[in-house]
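> Here's my sequence, what's the structure:
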Amino acid sequence: MAEEVVLKSKEMKYRGVPLEQLKQLDAREVAKYLPSRSRRTVLRNFQKIENFIKRCETSASTNKKIRTHLRDIVVLPKLVGMRIGIHSGKAFNDITILPEMLGHRLGEFAFTRSRVNHGTAGLGATKSSKSQKK
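You can find the predicted model right below:
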């Protein structure tokens, strides 16, 4: 007999509190659950962070793309699921905010340095290649 196995989707929790419950709180109340450095940053700059969240919510409701230079904003539960363009110094990198990013800064997900891919040396670039010229 084949028994049906029902898998429950695991509810996302951050430090033992469900994500849906955290989304109802404002920035200062969420700060209680963050690590100490992030908590201090949120408590010192809560107005700047709340203004950014309001801007994100209004532009998300109008389907406008959210772009920002604010790399020091701490990721809070209200930002989860949003798609934000974070400036890397040259271009805006589109990042989808995931629950695992809570407590981190936006700048951690938009790298400022790219990987260098060197090509092969051209003819005459080294002493050994000069002998091949003849």
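> from memory Lys78 sits against Lys54, does it?
No: the criterion here is CB atoms under 8 Å, and Lys78 misses it with Lys54 at 9.5 Å. To be clear about C-beta, it is placed using only N, CA and C from the backbone, and glycine gets the same treatment.
> buried residues in the strand or helix carrying Asn51?
Taking DSSP states H and E as the criterion, Asn51 maps to helix 46-61. Within helix 46-61, the residues scored as buried using 16 or more other CB atoms under 10 Å are Phe46, Ile49, Glu50, Phe52, Ile53, Cys56, Ala60.
> Give me the residues contacting that helix.
Helix 46-61 has contacts (CB atoms under 8 Å, 6 or more residues apart in numbering) with 26-28, 31, 42, 65-66, 68, 70, 73-74, 76, 78-79, 82, 84.
> next one: stretch 94-104
12, 14, 19, 34-35, 38, 74-77, 79-86, 106, 109-110.
> A strand includes Ile95, no?
Yes: counting by DSSP: H, G, I helix; E, B strand; the rest coil, Ile95 is part of a strand.
> List the contacts of the closest residue to it other than its chain neighbours.
Using CB to CB, 6 or more residues apart in numbering and skipping the chain neighbours, the partner closest in space to Ile95 is Phe109 (4.8 Å). Neighbour list for Phe109: Ile86, Asn93, Ile95, Met101 [criterion: CB under 8 Å, 6+ apart].
> correct me, but the first one touches Arg105?
No: with the criterion set as CB under 8 Å, Ile86 and Arg105 do not qualify as a contacting pair; they are 9.8 Å apart.
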